[in-house]
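Engineer: My questions concern the predicted model and sequence given below.
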Amino acid sequence: MRILSAAAVMALLTAPASAQMANPNINLIPELTSKTPEEKEQDAIKDKAYKESLKKIPDAKTSSDPWGTVRTETPKAAAAPAKPKTKTGSSAQRSQ
């Protein structure tokens, strides 16, 4: 039984390796081909149109901070120091 399971494991491990070697003549990275003059001209026209469209985009003159109106520009002054607690009521009368 162990021999059968070992053979099955070996078959499963070698299957991906054999699948990769099935057709070694396939080139997954094609050679770089040069463009024809017409394709170069079309690319130049597309680049020119792209650059012109970028010039039409207006510059952002205001902040795009949605919380800008909520925050204050200057920090608030520090709060006055807290006064020491004084005894009031019946507990104050007992200590006197």
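Structural biologist: Done, it's in.
Engineer: Tell me where the chain has helices.
Structural biologist: 2-20, 37-55, 90-95 (DSSP state H).
Engineer: so can I have CSV of the ones you listed showing distance to Ser63?
Structural biologist: No exception for glycine: its C-beta is placed from N, CA and C like everyone else's. Formatted as CSV, these follow (distance: least, Cβ to Cβ, whole Å):
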stretch, distance to Ser63
helix 2-20, 55
helix 37-55, 22
helix 90-95, 55
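Engineer: Now tabulate those helices in CSV and tack on mean pLDDT and mean neighbour count.
Structural biologist: CSV is the format used below for those (pLDDT from 0 to 100; neighbours: other Cβ atoms under 10 Å):
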stretch, mean pLDDT, mean neighbour count
helix 2-20, 77, 9
helix 37-55, 95, 10
helix 90-95, 57, 8
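Engineer: And Tyr50, how close does it get to Asp43?
Structural biologist: Taken as Cβ to Cβ, to the nearest Å, the spacing of Tyr50 relative to Asp43 amounts to 10 Å.
Engineer: My error: substitute Leu54 in the last question.
Structural biologist: Separation of Leu54 from Asp43 (Cβ to Cβ) stands at 17 Å.
Engineer: Next: Val70.
Structural biologist: Distance from Val70 to Asp43, by Cβ to Cβ: 48 Å.
Engineer: just Ala49 next, same as before
Structural biologist: Ala49 sits at a distance of 11 Å from Asp43 (criterion: Cβ to Cβ).
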